[in-house]
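1. Quick one, structure for this:
(one chain, ligands or ions: 2)
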Amino acid sequence: MVREDSTHEVIVSQCNKVFIVLFYEEIPYSGSASLARWRNSPIPAKSEISNFRTVALVALFLFPTLAEVRISAQSIDGRSIVTSEAEEDEAVVSCTLDSLSIGGQQLNVLDSISFYLHRNGEPEACGASVLSESTIEKGLSQMECKKEVDKYQLEALLTAVFAEELAASDCGSNDNSTAPEGFLHYCDMGVDRTIVQNDYDHLVRIPRKGNLPCRFFSREGDRISSFEDILRMAEKAETRECTEENDVCTDRMDLHLYAAPAGRVFMFAPSYVGEIFQISHVKDSLGQPISLEVLSLDPRVFDIYNFFSADEAHSLIDKAVKETSPTYRLHRSTTGSATASIFNKRTSENAWDTHGTLAQTIKRRCLSVLGIDEYQESLTDGLQILRYNQSNAYTAHMDYLEDKDGSQVYDYESVGKGGNRFATILLYMSDLGEHDGGETAFVKADSPGKEHVPLHRAIQQLRDSGDASTLTPDSWEEIMAAQCRARLSVRPKLARAVLFYSQHPNGAEDKMSFHSGCPVLGATTKWAANLWVWNAPRPEFEGAPLKKDLSNVTKAESAASQQLRAVFRNSGKDRRFEKAELYFDEDGFFGKLGPKDPPISLTVKF
Ligand SMILES: O=C(O)CCC(=O)C(=O)O
Ligand SMILES: [Fe+2]
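-> Ligands and ions are numbered 1, 2, ... in the order given. Modelled structure (predicted):
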């Protein structure tokens, strides 16, 4: 028996014979149940797949052994989603923490933790709650009493539990923060705003609701992947001593968790200039702890201490200077998203180091510091080695790329489900003194603690100092050099590293991130390197988000976008179906689908 309700959920239950069938528009599925068709997604027969553009994958099931299967199908370009789930079984499955392989005993400590939940990038908690043993056990019951909870399952569990515990908090999406399902909506922003990252197939939807889960991080960007992580963090958490004169009073620990919506990247949540973040989960080259210090809140700029060494800087420079390949060697820098072109206000030179052993190590370190726990080449440009000789500069710009005339196939709208550069890590590889220029200046931001200096006065001060005598009066370089002294700026120093964001936590472009590479005033060469990091696979990489309007899309790109996914799982509530198996048609065995088997994800290209 199958029905489709107004929220486009297809409910499948009590199917004795079930087949996976891909079928076309008007051809009704043949089997023991009837299945309502997803309105905008006619479904071709298997043999006809190549002939039809609009496809949805609908799953029906084989064998009398499968009672409850959850189905979801989504086209990568977000045109359709079909979600279905079996009707709820009334039988209550009870789980205990003891069933977890970590051992329930250790988890007793959960009772003494107060969890403060933050939305991604927000220094203020949006709500607080306890995760009692019983709430976790309830969550586990909904998740089929797992013995081992992997990070995706844990994320679904935490999202479900916090959504319930924090129903009356401010943890919802900004549009509707206190709605009862607010936190669930915050975590799953809908197809138009959810970036399909490469691990999308692994995400575990919230039991019975179907929403995608948040990911949870420590304040320092360490992803919570297991209960052990929570316990480890709890050990380090602030302990609030019990002062109440009350028998049942115990010391409590305050644990702050930062929740990033599905598909979104973690962002630090600074609250004051000078604030420190100890990044103890990232391995550095120096054997010293990496830490961040907040230089500015708007834009968000941080010093990264102990990020790389002077030796590493020298090796990167050495390799760049010796590079002979026309593509990678030092050459006059260019700008632009699709077609790179020489720009008269970027007079530096740059080389690319994409796959050098050291460049790779540094790129990995960059992603780890940014809270990306699994390295993905597709999220970075190459490491760009920069050389600025005397007077060389890069005018104020944003690293966030624009699709000015809307002609690009790639979807640069990172506030939606597109990708763009979201963070830049800048490595300085030479020392420049107070009078040498070459700073990186955030020209829209005042320097903390300094009064605002109007530009005309800054130009006069620069001229009076005599430092800019090599620059032509009234040239863009001279105006910039003056701005650089009057605004928030970072001075190059060998082995200094800086992080800044080009996006807000919701993916919107951060216009305050406007910055420049200030003219080098003295004779010292400024060497630097930067890594632009994307919030989604960048253009040309697998999984790159493409625009909805596919009319001009090349064949290869359109093939990548025309995919559908389905996830099958056995909820395990009915013991008769312990040996369920999943088939495509009658003889295409996909895999075992017992309650303990992992969910099976399928991707169909057409
Ligand atoms: O050289 C600098 O200080 C800044 C460089 C920069 O902004 C860039 O390459 O995007
Ligand atoms: Fe830049």
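2. only C-alpha atoms for contact and neighbour calcs from this point on.
-> Fine.
3. Mean confidence (pLDDT) on the longest helix anywhere in the chain, please.
-> Determined from DSSP state H, the single longest helix within the chain is helix 151-165. Mean pLDDT, helix 151-165: 91.
4. With stretch 316-332 instead?
-> Mean predicted confidence for stretch 316-332 is 85.
5. First-to-last residue distance for that stretch?
-> 18 Å (Cα to Cα, to the nearest Å).
6. Of all the residues in that stretch, which ones are buried?
-> Neighbour counts over stretch 316-332 (16 or more other Cα atoms under 10 Å) mark 316, 317, 319, 320, 323, 328, 329, 330, 332 as buried.
7. Return the member of those residues nearest to ligand 1.
-> residue 332 (12.2 Å; Cα to the nearest ligand atom).
8. Please identify the residues of the stretch 351-500 of the chain in proximity to ligand 1?
-> 399, 439, 440 (Cα under 6 Å from any ligand atom).
9. redo that, cut-off 5 Å
-> Listed as neighbours of ligand 1 in the stretch 351-500 of the chain under the rule Cα under 5 Å from any ligand atom: residue 440.
10. residue ranges of the strands in the stretch 351-500 of the chain, please?
-> 383-388, 394-397, 421-428, 440-446, 487-490, 497-501 (DSSP state E, counting those that start in this stretch).
11. Put together JSON lines for the ones you listed, with mean neighbour count and mean pLDDT on each row.
-> Shown next, in JSON lines, are these (neighbours: other Cα atoms under 10 Å; pLDDT from 0 to 100):
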{"stretch": "strand 383-388", "mean neighbour count": "25", "mean pLDDT": "94"}
{"stretch": "strand 394-397", "mean neighbour count": "20", "mean pLDDT": "92"}
{"stretch": "strand 421-428", "mean neighbour count": "26", "mean pLDDT": "98"}
{"stretch": "strand 440-446", "mean neighbour count": "22", "mean pLDDT": "94"}
{"stretch": "strand 487-490", "mean neighbour count": "24", "mean pLDDT": "95"}
{"stretch": "strand 497-501", "mean neighbour count": "24", "mean pLDDT": "98"}
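12. Between its first and last residues, how far does stretch 485-496 reach?
-> 19 Å.
13. ok, and what's touching that stretch?
-> Contacts to stretch 485-496, defined as Cα atoms under 8 Å, 6 or more residues apart in numbering, come from residues 303-310, 313, 427-434, 437-448, 452-455, 458, 526.
14. What of stretch 305-325?
-> Contacts for stretch 305-325 (Cα under 8 Å, 6+ apart): 284-286, 288-293, 329-330, 351-353, 358-359, 362, 385, 429, 494-497, 527.
15. change it to 6 Å
-> With contact meaning Cα atoms under 6 Å, 6 or more residues apart in numbering, stretch 305-325 is reached by 290, 291, 329, 351, 429, 495.
16. Quick check: the two most widely separated of those residues?
-> 291 and 329 (32.3 Å; Cα to Cα).
17. Would you verify that residue 253 is located in a strand?
-> Yes: assessed with DSSP: H, G, I helix; E, B strand; the rest coil, residue 253 lies in a strand.
18. what's across from it in the sheet?
-> residue 113, residue 239 (DSSP bridges).
19. Pull up the gap between it and ligand 1, please.
-> Distance check for residue 253 against ligand 1: by Cα to the nearest ligand atom, to the nearest Å, it reads 42 Å.
20. can you confirm residue 293 is in a strand?
-> Yes: judged by three-state DSSP, residue 293 forms part of a strand.
21. Could you pull up the residues touching it?
-> By Cα under 6 Å, 6+ apart, the neighbours of residue 293 are 274, 275, 276, 302, 303.
22. what's across from the fourth one in the sheet?
-> Here residue 302 sits in beta bridges with residue 294, residue 499, as judged by DSSP bridges.
23. could we number from 56 for the rest of this?
-> Done: numbering now begins at 56, and the last item shifts to residue 357.
24. that older thread, out of the buried residues of stretch 371-387, which sit inside strands?
-> Counted as lying in strands by DSSP state E, out of the buried residues of stretch 371-387, are residue 387.
25. Assign residue 271 to helix, strand or coil.
-> strand.
26. Look up how far residue 203 lies from it.
-> 18 Å.
27. and what of residue 462?
-> 47 Å.
28. These two - which one has more neighbours?
-> Remark: of residue 462 and residue 203, residue 203 carries more neighbours, 14 against 8, as counted by other Cα atoms under 10 Å.
29. per-residue confidence for the more buried one?
-> 73.
30. mind checking the SS state of it?
-> Applying three-state DSSP: residue 203 is coil.
31. now it: how far from residue 282?
-> Where residue 282 is concerned, residue 203 sits at a distance of 10 Å (Cα to Cα).
32. The closest residue in space to residue 564 that isn't next to it in sequence: neighbour count?
-> Spatial nearest neighbour of residue 564, chain neighbours left out: residue 558 (4.4 Å); criterion: Cα to Cα, 6 or more residues apart in numbering. Residue 558: 26 surrounding residues under other Cα under 10 Å.
33. One more: residue 630?
-> Neighbours around residue 630, by other Cα under 10 Å: 12.
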